[in-house]
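> Generate coordinates for the sequence data below:
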Amino acid sequence: MSTSGIYKSFIYSNPIKGLPTLSTFKLTQEQLRPLRDNEYITEAKYIRVGPNPTETACQIKLNSVPKATQLAKIIESRNKNFLVGQYVIGNFGWQTHTVVDLKTHEEVYLIPEIDNVPQTFSLGVLGIPGIAAYFGFFEICKPHKNDILVVSSAAGAVGSCVGQIAKIIGCTVIGITSSDKKCSQLMDIGFDHCINYKKDDVKEKLAEYTPNGIDCYFDNVGGELSSYVIYQMRTHGRICICGATALYYNNNIQVQEIQSPIKVKTVKMEGMHYTRWKDQWNSAIKQNLNWLKENKLKSKETILTGFENLPQIFIDTLKATSSPVFLKSTCASNSSRLSQSFSCTSTPSTSKTDKGDINGDAQFGFSTPTLTKSSSESKGFCDQVLDYLITIRTQNRQILKLLTTNTHNNSIKAFELPDDLELTLPVSNLTDLRRLEEYLSNNTNLSAVASYLSGLGGRDPTTKTNAVLRKLMTNEFAMKFSFLGIRQKKERL
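Residues are numbered from 1 along each chain as shown. Predicted structure coming up:
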């Protein structure tokens with residue numbers, strides 16, 4: 001029998017005039033309806049944050065949920081092809097949970113096997129952005145070795161991927177972005193030149209970097225900037241129209257005349273949508289994965305937390321998008337079958353710099369954990385778990401920390417301790433790391449968690465770790481993880 005629960009979502013509460021503001025959005029709570037045959041319920045794990053080409057200012061409907069791609073976990077199912085515990089990618093929008101039926105969610109797909117690559121890459125270079133970059137470049141730009149490629153919004157998820165793929169096959173690549181910092185990041189991943197359109201004279205720089213013209217243009221922005229590129233195209237040049245971010249929230253669009261150079265130079269301009277190659281998605285994902293493994297393709301992500309912070313994070317990305325921005329959803333159901341209302345916690349974003357810019361540094365960060373006791377537990381509970389620190393290291397020195405300390409107020413919160421207090425517990429590979437993360441996220445009994453940690457540690461963990469595990473396993477109190485927080489800082493592939 002199906003169950004239901006309360007979920008959170010944002011809706012458009014006011015029309016957009018210019019750029020969205022916080023008053024554009026409203027947080028709501030709704031009751032999930034019972035499942036019907038062939039349906040399933042997903043819980044958001046990560047939400048991709050950024051402008052959506054199908055939601056311009058004039059297309060937005062009041063009281064509708066903003067569109068966004070999610071990496072979500074199936075927590076209840078009546079569909080034999082989508083099982084509980086599996087992960088899917090779907091355009092579920094700004095909401096914590098979704099009842100999925102195949103009629104209204106045709107583009108949902110199970111996450112393919114991506115080996116020891118972070119799961120979030122399925123929303124970026126191994127997801128829709130990577131797919132759009134791959135097919136837009138090869139099928140529409142139809143590049144050749146030594147071609148000159150210009151990419152607008154080059155520091156974004158699609159643009160940075162396109163530029164790197166072009167370098168792999170031997171093209172010269174010029175990126176256009178909005179800051180010197182982003183230009184530096186693009187040069188670090190192999191771009192030949194970069195133009196900061198907020199500081200540089202775009203027309204002069206294009207003439208300098210492409211004196212003989214441009215073969216291919218991968219357009220993510222539209223507007224006046226793109227007209228400069230189009231006038232610099234070579235005869236028989238190819239243009240892929242992937243996005244038009246300059247126009248999404250512009251209510252006073254000034255149309256630039258571009259027909260003349262397109263006609264005179266017989267330039268081919270073609271729009272694209274990633275669904276056009278849906279039957280071939282796996283081939284793009286497989287190729288991008290191979291390039292990642294070969295270190296030819298690199299990806300950086302910015303991961304922020306706090307579902308309630310979504311509107312502000314979205315507004316910030318419109319001002320200064322660099323690396324792909326994902327929201328780690330901190331809303332989790334109290335049980336896998338939603339027998340109670342959903343319990344959500346929120347942590348302020350920590351990766352946001354001043355002036356609304358988004359920090360593009362590589363970071364795989366989640367909010368700090370809060371472990372909450374039930375009222376039936378004894379007063380001595382906190383003393384039993386005082387100052388625990390477990391550090392898990394993988395072969396390539398990635399680190400996962402679960403930090404707890406005594407706060408003497410029936411709550412245990414995480415904080416960072418000096419490195420000399422670390423206890424080590426070996427993990428053989430990233431698969432074990434993800435398995436551990438998932439286990440801790442869902443388990444409600446501390447002794448079972450300790451038992452699992454002990455098993456991962458092998459026969460010979462350190463003496464200190466054994467002592468910690470023995471102490472943990474003496475505690476039979478039921479635990480509830482409001483949210484498992486993990487902070488993992490590392491250099492991405």
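> domain ranges for this structure?
As assigned by automatic domain parsing, the chain contains the domains 6-116+302-356, 128-279+287-292, 368-488.
> where among those is the average confidence lowest?
Among the domains of the chain, domain 368-488 carries the lowest mean pLDDT, at a mean of 37.
> Am I right that Thr275 is in a helix?
Yes - Thr275: assigned to a helix according to DSSP: H, G, I helix; E, B strand; the rest coil.
> burial measure for it, as a count.
12 (other Cβ atoms under 10 Å). The way it works is simple: take the backbone N, C-alpha and C, and place the C-beta from them, glycine included.
> list the contacts for it?
Glu107 (Cβ atoms under 8 Å, 6 or more residues apart in numbering).
> Tell me the spacing between it and Lys296.
Counting by Cβ to Cβ, to the nearest Å, the gap from Thr275 to Lys296 is 27 Å.
> Also Val264?
37 Å.
> Have a look at these two and say which one is more surrounded.
Neighbours per residue, other Cβ under 10 Å: of Val264 and Lys296, the larger number sits with Lys296, 15 against 10.
> Per-residue pLDDT of that one, please?
Looking at Lys296, its pLDDT reads 95.
> what about the nearest residue to it once chain neighbours are set aside, distance to Arg234?
Take Lys296 and drop its neighbours on the chain: the residue closest to it by Cβ to Cβ, 6 or more residues apart in numbering is Ile168, 5.3 Å away. From Ile168 across to Arg234, the span is 22 Å (Cβ to Cβ).
> repeat for Ser227
Ser227 is 16 Å from Arg234, by Cβ to Cβ.
> Ile168: what's it in contact with?
Trp291, Lys296, Leu297.
> Return the distance of the first one relative to Ala284.
Same thing as Trp291. Trp291 is 11 Å from Ala284, by Cβ to Cβ.
> Need the overlap of contacts for these two.
Joint contacts of Trp291 and Ala284 (Cβ under 8 Å, 6+ apart) do not exist.
> Can you tell me the SS state at Asn290?
Secondary structure assignment for Asn290 (three-state DSSP): helix.
> what's around it, how many residues?
11.
> Also His273?
As a measure of burial, His273 has 14 neighbours, counting by other Cβ under 10 Å.
> just to revisit the earlier point, any idea how far Glu257 is from the residue nearest to Lys296?
35 Å.
> Can you give the strand pairings for the strand or helix carrying Leu149, parallel or anti for each?
Using DSSP states H and E, Leu149 sits within strand 148-152. Taking DSSP bridges as the criterion, strand 148-152 sits next to strand 172-177 (parallel), strand 214-219 (parallel) in its sheet.
> need the contact list for Thr245.
Thr245 neighbours (Cβ under 8 Å, 6+ apart): Pro51, Ser153, Asn220, Val221, Gly222.
> Quick check: of these, which lies closest to Gly136?
Taking Cβ to Cβ as the measure, Gly136 lies nearest Asn220 of the contacts of Thr245, at 9.6 Å.
> That closest one against Val229, yeah?
No - counting by Cβ atoms under 8 Å, Asn220 stays clear of Val229, with 11.3 Å between them.
> give me every residue that touches the closest residue to Gly127 other than its chain neighbours.
Distances taken as Cβ to Cβ, 6+ apart put Ile89 closest to Gly127, at 6.0 Å, once the chain neighbours are dropped. By Cβ under 8 Å, 6+ apart, Ile89 lies in contact with Thr69, Gln70, Leu71, Ala72, Val108, Tyr109, Ile111, Ser122, Leu123, Gly127, Ile128.
> Is it correct that Ile89 falls within a strand?
Yes - applying three-state DSSP, one finds Ile89 inside a strand.
> That one bridge partners, please.
Under the criterion used (DSSP bridges), Ile89 bridges to Leu71, Tyr109.
> Please settle this for me: is Phe326 part of a strand?
Yes - counting by three-state DSSP, Phe326 is located in a strand.
> gap between it and Leu297?
18 Å.
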